[in-house]
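Asks: Structure here, sequence nowhere to be found:
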């Protein structure tokens, strides 16, 4: 028997610690810091090492390992002689350390994944007096077949995935509703334009009430006659009668009030648009998240169907159905992403954001899920609507304009005062003149008739707006009630029912009581119900936002300009 010196074999890739081979080796001799093993023991060791590494790679057995503390530099650690032991790897159960007398029994377990438990298979014969070699023990290890339900255990709960938040990484740009509202109020050009128009009305109101400037002039008479010429200066002033200037300011004061209400109306329009588009984008964001989650489940479903077919437990129909479901979910995911990008870009345009890439919307306010008294809501909107207040201000404006046109026929009085020197008499002189038009032919009857027609139109416009509010509220109430009914039904009945059906179907499938295709149908039903719930919640929030925004929309529409210049001031002079 030849002795071959080899280096100390302490650890190998399979995880076995081999300070001592055990009884299988015939001779272990320490020689100059190395181990010398007989050639017979080496052959048995090679067989044992190959089998152990193979089992560790494929995950079919776990071999007991000792925890090794790394040696500090300069320190020496004496090798500890510990018998090589093999113990079963059972998931969620702590393995019992085998005793020295039971080392002749080698236990192992076959499993498809870390979470699956297999059946322990024992080898060895208790009746034998002599212990078999380690290589013989490995050769007699029996591997249990892999069951398909173990593969299914790798899938997470589908309902948890659909409800989960898929934002694994923190988004750089996140916005809340309050932030977007403040940005929109600061950046919206329509609000700035409405404010400029209100300032314009204030300036016109101040202008139309100012009195006419006096006229200063020079006069000369009999300039061709020597020593008889007269020279002097005069001052002419028109006195506006009939309280025309005060009525002018009253007219433009109501115009200024209407413009301020228009600016407030524009603010409501912007806020309503931001809220409606925010909830629309949130719903699209949630649909995209849920669809991406279910896409993961659908991909795993295809994998499971193919594994079942390869294991001859499934068929091609299951594979095709799973692939069809995955294709539909991938299409739905693409459409959800497109909807989210479009909703975000619309929201960013209303809020005046420069970012083109969609941001994450967080801190979504909860919507009150309670029926509304729509008659009370209508009365409240009528009492708070700036749109209706602007219309009422225009009624006051037209009535003030009617009063102003009725006094237009009152003639103004023009006075002229002059003083000079007469060379013929070598003395001074003073001239005083007064004049006024006589309303014989022009009594302003046409303007009075037109002003009354505008006043009537303004009154009818108020009624039109009230009916428009009622019509818009009817449509919004319809959307709100329909969405509320859907949300209530889905949250209290449909989602719990589909959730329970999903749980039972997965349990029944793992127990072999339900076909794979039936599980796909249940999962599809749960997914579609979850998507419909998200859509209903979005519709409910949008309808509620419209009611809270007094049914005013169109934040980027041009605001109305009710001013008509200062022409009314010009009509106050001249008496015509």
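Replies: Arrived safely, thanks for sending. Keep in mind it's a predicted model, so treat the numbers as computed, not measured.
Asks: Could I get the full set of strands for the stretch 251-400 of the chain?
Replies: For the stretch 251-400 of the chain, the strands defined by DSSP state E, counting those that start in this stretch cover 360-361.
Asks: in it, which ranges drop under the pLDDT threshold?
Replies: Scanning the stretch 251-400 of the chain for pLDDT under 70 picks out the ranges 356.
Asks: So which residues of the stretch 451-576 of the chain form helices?
Replies: Secondary structure of the stretch 451-576 of the chain (DSSP state H, counting those that start in this stretch): helices at 495-510, 516-548, 567-570.
Asks: lowest confidence element among the helices and strands of this structure?
Replies: The weakest-scoring helix or strand in the chain, judged by mean pLDDT, DSSP states H and E, is strand 106-109 (a mean of 31).
Asks: quick one: which of the helices of the stretch 451-576 of the chain is nearest residue 431?
Replies: Closest approach to residue 431 among the helices of the stretch 451-576 of the chain is made by helix 567-570 (28.5 Å; C-beta to C-beta). From N, CA and C alone the C-beta is placed, and that goes for glycine too.
Asks: What is the closest one packed up against?
Replies: In terms of contacts (3 or more C-beta pairs under 8 Å, 6 or more residues apart in numbering; DSSP states H and E), helix 567-570 is packed against helix 189-208, helix 244-310.
Asks: run the last query once more with 10 Å
Replies: Applying 3 or more C-beta pairs under 10 Å, 6 or more residues apart in numbering; DSSP states H and E, one finds that helix 567-570 contacts helix 189-208, helix 244-310, helix 386-406.
Asks: Redo the ones you listed as TSV? Include distance to residue 218 and mean neighbour count.
Replies: Output for these, formatted as TSV (distance: least, C-beta to C-beta, whole Å; neighbours: other C-beta atoms under 10 Å):
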stretch	distance to residue 218	mean neighbour count
helix 189-208	30	18
helix 244-310	29	22
helix 386-406	36	21
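Asks: Can I get these in a markdown table including distance to residue 348?
Replies: Below are the helices and strands packed on helix 567-570 laid out as a markdown table (distance: least, C-beta to C-beta, whole Å):
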| stretch | distance to residue 348 |
| --- | --- |
| helix 189-208 | 14 |
| helix 244-310 | 9 |
| helix 386-406 | 26 |
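Asks: quick one: which of the ones you listed is nearest residue 478?
Replies: helix 244-310 (15.9 Å).
Asks: now the closest one and helix 516-548, what's the angle there?
Replies: 170 degrees (axes from the mean of the first three to the mean of the last three C-alpha atoms, to 10 degrees).
Asks: the inter-axis angle of helix 244-310 versus helix 189-208?
Replies: Here helix 244-310 runs at an angle of 180 degrees relative to helix 189-208 (the same axes, to 10 degrees).
Asks: okay, the angle between helix 244-310 and helix 386-406?
Replies: 160 degrees.
Asks: How is this structure divided into domains?
Replies: 3-146, 158-208+248-410+447-570 (automatic domain parsing).
Asks: ok, back up a step: let me know which of the helices and strands packed on helix 567-570 is the nearest to residue 360.
Replies: Between residue 360 and the helices and strands packed on helix 567-570, the shortest gap by C-beta to C-beta is with helix 244-310, which sits at 7.6 Å.
Asks: Buried residues, stretch 454-464. List them.
Replies: For stretch 454-464, burial by neighbour count (16 or more other C-beta atoms under 10 Å) applies to 454, 455, 458, 459, 461.
Asks: quick one: contacts for the last one?
Replies: Taking C-beta atoms under 10 Å, 6 or more residues apart in numbering as the contact definition, residue 461 lies against 390, 391, 392, 394, 395, 398.
Asks: For it, report the pLDDT, please.
Replies: Confidence at residue 461, expressed as pLDDT, is 97.
Asks: Ok, the first one next?
Replies: We have a pLDDT of 96 for residue 454.
Asks: Apart from its neighbours in sequence, what residue is nearest it?
Replies: residue 398 (4.7 Å; C-beta to C-beta, 6 or more residues apart in numbering).
Asks: still on that earlier bit, turn the helices of the stretch 451-576 of the chain into JSON lines, including mean neighbour count, distance to residue 345 and mean pLDDT.
Replies: JSON lines is the format used below for the helices of the stretch 451-576 of the chain (neighbours: other C-beta atoms under 10 Å; distance: least, C-beta to C-beta, whole Å; pLDDT from 0 to 100):
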{"stretch": "helix 495-510", "mean neighbour count": "16", "distance to residue 345": "31", "mean pLDDT": "89"}
{"stretch": "helix 516-548", "mean neighbour count": "20", "distance to residue 345": "17", "mean pLDDT": "92"}
{"stretch": "helix 567-570", "mean neighbour count": "15", "distance to residue 345": "44", "mean pLDDT": "84"}
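Asks: Same list (the ones you listed) but as CSV, adding distance to residue 480.
Replies: Listed next are those as CSV, based on distance: least, C-beta to C-beta, whole Å:
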stretch, distance to residue 480
helix 495-510, 20
helix 516-548, 4
helix 567-570, 46
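Asks: how about the ones you listed, which one is nearest residue 187?
Replies: The closest of the helices of the stretch 451-576 of the chain to residue 187 is helix 516-548. By C-beta to C-beta, the value is 19.6 Å.
Asks: Can you list the strands that the helix or strand residue 417 falls within pairs with?
Replies: Taking DSSP states H and E as the criterion, residue 417 maps to strand 413-422. Note on strand 413-422: by DSSP bridges, its sheet partners are strand 230-239 (antiparallel), strand 427-435 (antiparallel).
Asks: Residues contacting it, please?
Replies: Here strand 413-422 makes contact (C-beta under 10 Å, 6+ apart) with 212, 214-215, 217-222, 228-241, 427-437, 573-575.
Asks: try it again with 6 Å
Replies: 230-232, 234-239, 428-436 (C-beta atoms under 6 Å, 6 or more residues apart in numbering).
Asks: ChimeraX command to pick out the buried ones of the residues you listed?
Replies: Remark: buried members of those, expressed as a ChimeraX selection using 16+ other C-beta under 10 Å:
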select :230,232,234,238
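Asks: Next up, identify which helix or strand residue 241 is on.
Replies: Using DSSP H and E, residue 241 sits in no helix or strand.
Asks: need the contact list for it.
Replies: Residue 241 neighbours (C-beta under 6 Å, 6+ apart): 410, 412.
Asks: Dihedrals phi and psi, it?
Replies: Dihedral angles of residue 241 (phi, psi; degrees, to the nearest 10) stand at phi -110, psi 170.
Asks: hmm, back to that, out of the helices of the stretch 451-576 of the chain, which gets nearest to residue 301?
Replies: For residue 301, the closest of those is helix 516-548, at 6.5 Å, according to C-beta to C-beta.
Asks: just checking, what packs against that closest one?
Replies: helix 244-310, helix 316-351, helix 445-489, helix 495-510 (3 or more C-beta pairs under 6 Å, 6 or more residues apart in numbering; DSSP states H and E).
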